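Asks: here are the coordinates; sequence isn't available:
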């Protein structure tokens, strides 16, 4: 490196910061080299070594508080373990496969256009009018947060629709009461997926019930009826959703990092933690709202989105596309915005969702690397050692909860888990509905406490909260819900065996 380059870097980061960066990346290079050197070439079964990328990821996230770099380095470590010096082509192929994946394409369309819908509602004055409408009914800090929770319960069709709509619309209102963005993100996140798994007319219910049919647990066409029988056993969904109002009203105290976040917001007025602007879907927005602002400009697009999604058999992609068309016609006819502004806001919303969507892609990249060295198989093999009819639901909940926490693949975990769990439940004589409830709960719990799951990322983006701070402040309440769920699965396992 030239002396001038060193000086430029030193001027940018500071001498101490530059030296620290060199030391950190030097240690990383040595660590990666040691890992690759110690693992035999063409190793088929990595055994306990499959935990190395996951352990590295967690340590690096806690050390740096940076999720992007952690996922990239964790994924690269996994590919280095598998392919040694020939890792570059598999890495390139992994990213290509991820971006060509139908689920990722769906995610980009749905979440990208949800960002556009939110930007259009903001520009049309709907969010501002909605804020004033809620403010007349919610006079206090607690009542505002309870309204947030209630709105999350009502918008139960899909967790993406839920967290993006509730988070973006309620943040200006909770800001007036000096609610920390961490607390708002927790309320939003814990009334999204947890509520969706308790409602038989949600995208989650449709997906899980289709898997139940596909893997032979439910007859064709009766998946929803069978899913309904699992709802009483979705213990984490029940506990997570019910803990929220108890925290809001003070029955359950605010503890740990969340307490510090609330003290910061109340005492200093700094509502969002440092770095939140990087993921905030509204960061950098500078525009005036329409002169024809009305609360209808908020409610009609949201109601149309819900109605069209139901009409298209809970297809969120069709719902958001139809809603974009509705907003265009409604806003132009009422002279709320011009066609040119409509396109500008559409592009702004897509741009605002770019960082969260890239995080999801990187999470899938890390999950692919972990899968290629056998992480999931290793965790399942450990869990099988403790399987009895009585302990089966508890073991399933813990095993797949940890799997989801490490890999952050959301619905992908259900695709992996259900074809394993359903026949195992039959072979062991365990109740299959309780077992599926354990899998469903595990997915929601693992996603909640994961730093880079889609639930964490989108809740953070919608509320304008750094996703690491959201995850770490939500963690105590996620673990409380998990502990209560574990007890419930243990008791139910013995009663129903």
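Replies: Okay, I see it. Worth saying up front: this structure is predicted, and the values here are computed from it rather than measured. Numbering: from 1, shown residues only.
Asks: how is this protein partitioned into domains?
Replies: Residue ranges for the domains of the chain, per automatic domain parsing: 26-100, 102-354, 356-496.
Asks: go through the ones you listed and pick out the most buried.
Replies: domain 356-496 (a mean of 23; mean count of other CB atoms under 10 Å). For the C-beta atoms, the positions are set from N, CA and C on the backbone; glycine is no exception.
Asks: end to end, how far does that domain reach?
Replies: 42 Å (CA to CA, to the nearest Å).
Asks: quick one: it to chain centroid distance?
Replies: Here domain 356-496 is found 13 Å from its chain centre; the criterion is CA atoms, centre = their mean, to the nearest Å.
Asks: what is the mean pLDDT for that domain?
Replies: Across domain 356-496, pLDDT averages out at 89.
Asks: columns distance to residue 19 on top of the domains of the chain, output as a markdown table?
Replies: Output for those, formatted as a markdown table (distance: least, CB to CB, whole Å):
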| stretch | distance to residue 19 |
| --- | --- |
| domain 26-100 | 10 |
| domain 102-354 | 23 |
| domain 356-496 | 25 |
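Asks: of those domains, which approaches residue 20 most closely?
Replies: The minimum distance between residue 20 and these falls on domain 26-100, with 10.5 Å, by CB to CB.
Asks: how far off centre is that closest one?
Replies: Distance, centroid of domain 26-100 to centroid of chain: 23 Å (CA atoms, centre = their mean).
Asks: and what of stretch 206-213?
Replies: Computed by CA atoms, centre = their mean, the chain-centroid distance of stretch 206-213 equals 21 Å.
Asks: got the contact list for that stretch?
Replies: Contacts to stretch 206-213, defined as CB atoms under 8 Å, 6 or more residues apart in numbering, come from residues 197, 218-224, 226-227, 230, 313-314, 411, 414-415, 418, 422, 436, 440.
Asks: helix/strand/coil for residue 403?
Replies: helix (DSSP: H, G, I helix; E, B strand; the rest coil).
Asks: distance of it from residue 453?
Replies: Separation of residue 403 from residue 453 (CB to CB, to the nearest Å) stands at 12 Å.
Asks: find residues that contact each of the two.
Replies: Residues touching both residue 403 and residue 453 (CB under 8 Å, 6+ apart) are residue 446.
Asks: could you find the closest non-adjacent residue to residue 203?
Replies: Nearest in space to residue 203, with sequence neighbours left out and distances taken as CB to CB, 6 or more residues apart in numbering, is residue 158 at 4.4 Å.
Asks: could you pull up the residues touching residue 401?
Replies: Counting by CB under 8 Å, 6+ apart, residue 401 touches 441-443, 445-446, 482.
Asks: closest one to residue 388 out of those residues, please.
Replies: Closest to residue 388, out of all of these and judged by CB to CB, is residue 442, at 18.1 Å.
Asks: re earlier: per-residue pLDDT, the residue nearest to residue 203?
Replies: pLDDT for residue 158: 81.
Asks: which one among the contacts of residue 401 gets closest to residue 492?
Replies: Out of the contacts of residue 401, the member with the shortest distance to residue 492 (by CB to CB) is residue 441, at 11.3 Å.
Asks: fine, thanks again, bye for now.
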